[in-house]
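# Let's see this in three dimensions:
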Amino acid sequence: MATRGQSVARTLRDGVLDGTYKPGARMNEVDISNALGVSRTPVRGALGVLAAEGLLDYVPNSGYVVRRYTVQDVEDVYAARSVLEGLAARTVAERGLPDHHRGVLHKVLSETQALCDAQEWSEEVRDAWSRLNEAFHETIFEAADNRHLRELIAKSRSIPQLQTVKFRWHDLDTLVESYSDHLEIFEAIADRQGARAEYLAREHVYRSGRRLIANWRRFETQAPVKKPVRRVPRAA
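Presented below is the predicted three-dimensional model:
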């Protein structure tokens with residue numbers, strides 16, 4: 001069973017990611033503990049966890065506030081990612097795709113095609129697509145066999161709000177388009193076309209970024225829907 005602190009952290013994390021707690025909002029321990037019906041101790045611990053995850057910032061003499069990412073932040077992140085992920089694809093193409101990674105990519109693409117062929121969209125499909133998408137990219141990063149490049153890519157992809165929210169804005173058309181991109185990237189890598197693999201990977205990240213930026217602009221200007229705060233259940 002989850003501990004009280006884990007339950008509080010999960011509740012607050014969901015609140016940050018779904019917009020209940022707006023970017024820049026102060027996370028007051030007393031208010032949160034009263035709203036959730038818990039003591040301040042698990043709230044204080046949960047806020048520290050969310051800060052470590054990059055969801056909150058600590059402001060001296062003020063406490064924790066929800067980290068704010070602007071459209072410009074998102075644009076900058078994706079500009080860096082497109083270059084780094086393009087380099088990873090080119091590196092694998094030029095060095096040659098190891099058999100193990102080739103097999104993993106075949107499996108990922110096959111499962112993604114099955115999702116596309118079903119012509120259905122649901123929360124389960126979205127979650128499956130999220131897993132397959134991450135597996136596709138992570139396999140390429142691993143196959144590039146460049147620790148420094150992989151660390152830089154991981155840092156550029158480790159913004160929780162972007163990683164979580166972007167899939168909430170996906171739909172079946174996005175899935176089909178991304179699958180087509182993945183297939184082309186894979187074929188270029190398998191055929192050892194370094195320049196083409198790099199170009200396709202960079203364009204894939206760029207287009208993903210443009211979609212996210214368009215939605216992020218709306219996300220910034222819309223007030224979140226007020227939801228009743230659920231009290232944290234007591235651990236058994």
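# drop to CA atoms for contacts and neighbour counts, all remaining ones
Noted.
# Just give the number of residues close to the residue nearest to residue 192 when sequence neighbours are not counted.
Ranked by Cα to Cα, 6 or more residues apart in numbering and with sequence neighbours excluded, the top spatial neighbour of residue 192 is residue 93, at 4.3 Å. When neighbours are defined as other Cα atoms under 10 Å, residue 93 has 27 of them.
# Does residue 93 touch residue 199 like I think?
No. Using Cα atoms under 8 Å as the test, residue 93 is too far from residue 199 to be in contact (11.9 Å).
# Residue 132: neighbour count?
Applying other Cα under 10 Å, we find 19 residues neighbouring residue 132.
# Can you give me the pLDDT of residue 120?
According to the prediction, residue 120 has pLDDT 93.
# Backbone dihedrals for it, please?
Backbone torsions for residue 120, taken as degrees, to the nearest 10, come to phi -130, psi 150.
# roughly how far apart are it and residue 169?
16 Å (Cα to Cα, to the nearest Å).
# for the chain, what spans make up the helices?
Ranges of helices in the chain, per DSSP state H, are 4-17, 29-36, 40-52, 71-95, 99-118, 123-144, 147-156, 160-168, 172-190, 194-221.
# low-scoring pLDDT stretches of this structure, where are they?
1-2, 160-168, 219-236 (pLDDT under 70).
# 50 instead?
1, 223-230, 232-236 (pLDDT under 50).
# ok, back up a step: could you dump the helices of the chain into a markdown table and include distance to residue 59?
Below are the helices of the chain laid out as a markdown table (distance: least, Cα to Cα, whole Å):
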| stretch | distance to residue 59 |
| --- | --- |
| helix 4-17 | 17 |
| helix 29-36 | 14 |
| helix 40-52 | 11 |
| helix 71-95 | 20 |
| helix 99-118 | 43 |
| helix 123-144 | 33 |
| helix 147-156 | 23 |
| helix 160-168 | 19 |
| helix 172-190 | 38 |
| helix 194-221 | 22 |
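# nearest to residue 61, of the ones you listed?
helix 29-36 (13.6 Å; Cα to Cα).
# buried ones in that closest one?
For helix 29-36, burial by neighbour count (16 or more other Cα atoms under 10 Å) applies to 29, 32, 33, 36.
# Stretch 12-19 now?
Counting neighbours by 16+ other Cα under 10 Å, stretch 12-19 gives 12, 13, 16, 17, 18, 19 as buried.
# Ok, stretch 137-150 next?
Neighbour-count burial for stretch 137-150 [16+ other Cα under 10 Å]: 137, 138, 139, 140, 141, 143, 144, 149, 150.
# Setting aside sequence neighbours, what's the nearest residue to the third one?
Put plainly, it is residue 139. Closest residue to residue 139 apart from its sequence neighbours, by Cα to Cα, 6+ apart: residue 101 at 6.3 Å.
# What is the neighbour count of the one you found?
15.
# again with residue 170
For residue 170, using other Cα under 10 Å, the count is 16.
# For it, which residues are in contact?
residue 126 (Cα atoms under 8 Å, 6 or more residues apart in numbering).
# how near is it to residue 121?
For residue 170, the distance to residue 121 - Cα to Cα - is 10 Å.
# what do you get for residue 148?
37 Å.
# what's the answer for residue 65, then?
Taken as Cα to Cα, the span from residue 65 to residue 121 is 35 Å.
# Those two - which one has more neighbours?
residue 65 (21 against 15).
# For that one, list the residues it contacts.
Applying Cα under 8 Å, 6+ apart, the residues near residue 65 are 23, 24, 25, 26, 27, 56, 57, 58, 59.
# Can you say which of these are buried?
23, 26, 27, 56, 57, 58.
# I'd assumed residue 66 was in contact with the second one.
What that stands for is residue 26. Yes. Using Cα under 8 Å, residue 26 is in contact with residue 66, at 6.6 Å.
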